[in-house]
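Chemist: here is the input, now give the coordinates:
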Amino acid sequence: MLTNNVKKFRVEAEISQRDLSYIAGVTRQTMSLIEKGEYNPTISLCLRICYGLNKTLDEVFWLKQGDFENEKSRWWTFKDTINQKF
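Modeler: Below you'll find the predicted structure:
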């Protein structure tokens, strides 16, 4: 799961959750879930949020190293499974 600083930067920029949601093209409820880390946005949505905050992607979103290792492990398991079937 992505970790983010969306709320921190939004509050610093004095942008309401409703306004950032409008800029990013999502509902306020979705933005709330993103800020709480309960929704994993697409890269496109991440970029729209960053544009709205006038921040770079790596300033706002990142994967913790342990999370990355878990994702990589799942990918290789999936890839090995697919390769065995073909």
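
Chemist: kindly provide the distance from the residue positioned nearest the centre of the chain to E14.
Modeler: Computing the C-alpha centroid of the chain and ranking residues by Cα atoms, centre = their mean puts P41 first, at 4.4 Å. P41 sits 22 Å away from E14, going by Cβ to Cβ, to the nearest Å. Bear in mind the C-beta positions are built from the backbone N, C-alpha and C, glycine included.

Chemist: strands of this protein, start to end?
Modeler: Secondary structure of the chain, counting by DSSP state E: strands at 2-4, 61-63.

Chemist: mean pLDDT and distance to M31 for those - can I get that in a markdown table?
Modeler: Listed next are those as a markdown table, based on pLDDT from 0 to 100; distance: least, Cβ to Cβ, whole Å:
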| stretch | mean pLDDT | distance to M31 |
| --- | --- | --- |
| strand 2-4 | 87 | 11 |
| strand 61-63 | 87 | 14 |
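
Chemist: make a markdown table out of those and add mean neighbour count.
Modeler: Compiled in a markdown table, those are given as follows (neighbours: other Cβ atoms under 10 Å):
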| stretch | mean neighbour count |
| --- | --- |
| strand 2-4 | 15 |
| strand 61-63 | 16 |
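
Chemist: format those strands as JSON lines; extra columns: distance to G37.
Modeler: JSON lines is the format used below for the strands of the chain (distance: least, Cβ to Cβ, whole Å):
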{"stretch": "strand 2-4", "distance to G37": "7"}
{"stretch": "strand 61-63", "distance to G37": "11"}
